[in-house]
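> Provided below are the primary sequence and the corresponding predicted coordinates.
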Amino acid sequence: MPRVYNFSAGPAVLPEEVLSQAAAEMLDYHGCGMSVMEMSHRSPVFQGILDEAEADLRQLMGVPDDYAALFLQGGDSLLFSTVFMNLAKNGKADYVVSGNWSKKAFEQAQILGDPKLLASSEDGNFSYVPDVSSLDVRDDASFVYICQNETITGTRYPELPDTKGHVLVADQSSMFLSEPVDVGSYGLIHAGVQKNVGPAGVQVVIVRRDLIAEDLAEVPTMLRLKTHADAGSLYDTPNCWGIYVCGLVFKWLLALGGLAEMEKINRSKATLLYDYLDASGLFSSTVAPRDRSLMNVPFVTGDAELDRRFVAEAAEEGLVNLKGHRLVGGMRASIYNAMPEEGVRALVEFMDRFEKGVRR
């Protein structure tokens with residue numbers, strides 16, 4: 001069957017050029033006679049794949065030399081604990097909760113130490129980003145934590161918080177490589193690649209080297225950032241195939257013109273969808289305009305049965321995975337880097353037809 005427009009929040013759509021190249025190289029990677037899935041992670045061939053992926057990632061993001069770029073396993077839910085155990089050396093860190101994922105990170109920190117909740121938008125079902133212009137950060141907080149783009153509720157920080165000179169840690173999973181970022185503004189960035197960069201199973205961690213603790217005897221070896229930084233992401237067997245596909249996506253982004261060009265494309269797609277929502281008499285956005293994500297767009301009709309009908313009929317048109325998360329309801333269109341503008345336009349055109357049919 002023809003490929004559908006996949007609006008899944010993750011695992012999500014990948015560039016067709018990348019999928020085609022991965023398919024072509026499946027049985028024989030660059031003449032080595034085997035698949036990347038089969039080769040030793042200690043082999044010179046895979047070392048080349050890893051080195052090239054890291055170099056391209058550094059070029060894309062402008063990662064300074066004093067930052068490590070790691071390819072880890074485990075998922076964001078493990079990183080919530082890993083970050084706290086590695087960076088909250090006094091057991092104290094301060095959190096802004098703007099959605100489900102930052103809330104989960106805060107909850108994990110409560111198990112491990114003494115986190116402080118600086119601000120939250122839970123009173124509005126996370127439909128906006130809290131004011132972060134003047135936060136009451138503790139003097140002895142090790143870092144300030146945010147989730148810069150919340151996948152479920154579709155919010156994005158319009159500007160970074162004033163951390164009062166403290167280290168900023170950001171979960172960037174669902175916005176990773178969708179726009180330029182100043183890496184030097186953060187102490188640590190972590191991102192699960194399955195939302196916007198690659199297949200599930202790889203976590204990218206970019207961390208300032210002076211924050212990598214030397215002595216964490218109480219932390220399990222696999223959860224120490226130093227373990228992986230010292231071993232160049234090869235302490236144990238990594239997700240070799242996932243890293244390889246991420247590397248292909250990095251090259252796709254570089255060929256496109258880099259993250260500044262990617263942001264232009266993403267803003268164009270998001271504007272197309274939000275403009276329709278704002279003009280619609282049936283559909284509406286669930287997010288405050290200033291805080292809307294460029295990647296994840298929740299919307300509702302206000303009628304749960306009508307929402308279900310829309311999702312079902314959209315799927316028949318090849319517009320799939322539009323059901324919203326249960327915490328928000330309605331629909332959600334994740335329009336990541338690899339979603340072509342034609343896909344967003346097809347969605348808007350179907351929404352218009354559906355609305356006209358309902359209004360008859």
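Everything's here; your move.
> could you point out which element follows the longest helix anywhere in the chain?
If you go by DSSP state H, the chain has its longest helix at helix 259-279. As assigned by DSSP states H and E, the chain's next helix or strand after helix 259-279 is strand 284-285.
> what comes into contact with that following strand?
With contact meaning Cβ atoms under 8 Å, 6 or more residues apart in numbering, strand 284-285 is reached by Tyr274, Leu277, Asp278, Arg292, Val297, Pro298, Phe299, Val300, Thr301, Gly302. Backbone N, C-alpha and C define where each C-beta goes, glycine included.
> number of nearby residues for the first one?
Other residues within reach of Tyr274 by the criterion other Cβ atoms under 10 Å amount to 17.
> quick one: which of the contacts of strand 284-285 is most hemmed in?
Top of these by neighbour count (other Cβ under 10 Å): Pro298, with 28 neighbours.
> avg pLDDT for the host helix or strand of that one?
Assessed by DSSP H and E, Pro298 sits inside strand 296-300. Confidence for strand 296-300, expressed as mean pLDDT, is 98.
> name the helices or strands packed onto it?
helix 259-279, strand 284-285, strand 331-334 (3 or more Cβ pairs under 8 Å, 6 or more residues apart in numbering; DSSP states H and E).
> kindly reformat these as CSV containing distance to Asn196 and mean pLDDT.
Compiled in CSV, the helices and strands packed on strand 296-300 are given as follows (distance: least, Cβ to Cβ, whole Å; pLDDT from 0 to 100):
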stretch, distance to Asn196, mean pLDDT
helix 259-279, 10, 98
strand 284-285, 21, 97
strand 331-334, 9, 98
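> just name the most buried of these.
strand 331-334 (a mean of 26; mean count of other Cβ atoms under 10 Å).
> helix or strand next in line after that strand, which one?
Later in the chain than strand 331-334, the nearest helix or strand by DSSP H and E is helix 341-359.
> ok now stretch 324-333, how far from the chain's centre?
18 Å (Cα atoms, centre = their mean, to the nearest Å).
> can you pull the buried residues of that stretch?
Gly324, His325, Val328, Gly329, Gly330, Met331, Arg332, Ala333 (16 or more other Cβ atoms under 10 Å).
> what's the answer for stretch 62-72, then?
Val63, Tyr67, Ala68, Ala69, Leu70, Phe71, Leu72.
> quick one: contacts of that stretch?
Under Cβ under 8 Å, 6+ apart, the answer for stretch 62-72 is 50, 53-54, 57-58, 79, 180, 182-184, 202-210, 212, 225, 228-229, 233, 238-239, 243, 246.
> just the terminal-to-terminal distance for it.
Taking Cα to Cα, to the nearest Å, stretch 62-72 runs 20 Å from one end to the other.
> show me how far it is from its chain's centre.
17 Å.
> now the strands for the stretch 1-150 of the chain?
5-6, 67-72, 92-97, 114-120, 143-147, 149-150 (DSSP state E, counting those that start in this stretch).
> how about these, which one is nearest Arg42?
strand 67-72 (15.1 Å; Cβ to Cβ).
> wouldn't Gly10 be in contact with Val197 here?
No. Gly10 is not in contact with Val197 according to Cβ atoms under 8 Å; the separation is 10.1 Å.
> of the two, which one has the most company?
Shown here are Gly10 and Val197; by other Cβ under 10 Å, Val197 has more neighbours (26 against 18).
> let me see the contact set for that one.
Phe176, Leu177, Ala191, Val204, Cys246, Val249, Asn337.
> please repeat the previous calculation with a cut-off of 10 Å.
By Cβ atoms under 10 Å, 6 or more residues apart in numbering, the contact set of Val197 is 12, 14, 57, 173, 176-178, 191, 204, 242, 245-246, 249-250, 253, 336-338.
> pLDDT value on it, please?
96.
> before we go further, it is sitting in a helix, right?
No. Read with DSSP: H, G, I helix; E, B strand; the rest coil, Val197 is coil and lies in no helix.
> phi, psi of it?
phi -130, psi -30 (degrees, to the nearest 10).
> out of the buried residues of stretch 62-72, which is nearest to His166?
Closest to His166 out of those is Tyr67 (17.5 Å), distances taken as Cβ to Cβ.
> for Gly247, see how far away that closest one is.
In this view, Tyr67 and Gly247 are 19 Å apart by Cβ to Cβ, to the nearest Å.
> mutual contacts of Gly10 and Val197, please.
Each of Ser173, Tyr336 lies in contact with both Gly10 and Val197 under the rule Cβ under 10 Å, 6+ apart.
> tell me which element Ile189 is part of?
strand 188-192.
> now the helix or strand just after that strand: mean pLDDT?
For strand 188-192, the succeeding helix or strand toward the C-terminus, using DSSP H and E, is strand 203-208. Averaged across strand 203-208, pLDDT comes to 98.
> note down every partner strand of strand 203-208 and its orientation.
strand 67-72 (antiparallel), strand 188-192 (antiparallel) (DSSP bridges).
> if we can go back for a sec, dump the buried residues of stretch 62-72 to JSON lines, plus distance to Asp131 and pLDDT.
Compiled in JSON lines, those are given as follows (distance: Cβ to Cβ, whole Å; pLDDT from 0 to 100):
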{"residue": "Val63", "distance to Asp131": "30", "pLDDT": "98"}
{"residue": "Tyr67", "distance to Asp131": "29", "pLDDT": "98"}
{"residue": "Ala68", "distance to Asp131": "33", "pLDDT": "98"}
{"residue": "Ala69", "distance to Asp131": "32", "pLDDT": "98"}
{"residue": "Leu70", "distance to Asp131": "33", "pLDDT": "98"}
{"residue": "Phe71", "distance to Asp131": "35", "pLDDT": "98"}
{"residue": "Leu72", "distance to Asp131": "33", "pLDDT": "97"}
